[in-house]
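# Here is the input, now give the coordinates:
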Amino acid sequence: MEYKPNKPGQPSPLFTLTPETYKKIVDQVAKDLSLSNAARIARVVPKTLCNWMERGLSDINENKESVFAQFFLDVKDAQGRKISMLLSKIEKGKRNWQALAWILEKCCAEDFGKDSEVYKQLLDDYKKLLEDMSSNKS
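Residues are numbered from 1 along each chain as shown. Alright, predicted model coming up:
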């Protein structure tokens with residue numbers, strides 16, 4: 001591949017959200033949840049992808065319709081569908097459910113990590129269950 005410098009004032013293709021890049025990122029997030037891996041697959045600097053997501057969220061919060069707002073929604077939708085699929089497999093007790101739980105914990109730490117509110121609530125519920133079970137044996 002031959003390097004061709006941009007004309008002055010033109011944005012670098014590495015920092016432009018093209019339709020092809022948009023699709024690659026959303027498709028990859030739907031496969032493995034990872035934004036940084038999706039950036040690598042799409043040949044985009046991860047910080048650029050984060051900037052696009054932040055801009056999309058900002059546009060949504062300001063009720064602006066933009067390609068970044070739609071991109072943010074599509075990426076979040078892809079993540080949500082993948083999370084639902086993983087949770088469904090865990091609920092069905094599929095073999096290696098621990099591996100699926102690990103993926104959720106690592107890729108979606110804000111929802112499933114050890115510092116998440118869901119994790120803390122589940123841990124509290126588990127402790128209460130153990131206490132109830134031990135008091136019933138007495």
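# So what's the residue count around Gln121?
If you count neighbours by other C-beta atoms under 10 Å, Gln121 ends up with 10. For the C-beta atoms, the positions are set from N, CA and C on the backbone; glycine is no exception.
# Distance of it relative to Phe112?
For Gln121, the distance to Phe112 equals 12 Å [C-beta to C-beta, to the nearest Å].
# ok, now how distant is the closest residue to Glu105 other than its chain neighbours from Ala38?
The spatially closest residue to Glu105, leaving aside those adjacent along the chain, is Phe112, at 4.9 Å (C-beta to C-beta, 6 or more residues apart in numbering). Applying C-beta to C-beta, the value for Phe112 to Ala38 is 19 Å.
# Between those two, which is the more surrounded one?
Remark: of Phe112 and Ala38, Ala38 carries more neighbours, 24 against 20, as counted by other C-beta under 10 Å.
# The more buried one contacts Val29, doesn't it?
Yes. The criterion here is C-beta atoms under 8 Å, and Ala38 meets it with Val29 at 4.9 Å.
# Which helix or which strand is home to Asp27?
Using DSSP states H and E, Asp27 falls within helix 19-32.
# cool, and Ala101?
Here Ala101, judged by DSSP H and E, is contained in helix 97-107.
# got it, and Thr48?
Thr48 is part of helix 46-61, with elements assigned from DSSP H and E.
# which helices and strands sit right next to that helix?
If you count contacts as 3 or more C-beta pairs under 8 Å, 6 or more residues apart in numbering; DSSP states H and E, helix 46-61 packs onto helix 35-41, helix 67-91.
# Good, wrapping up.
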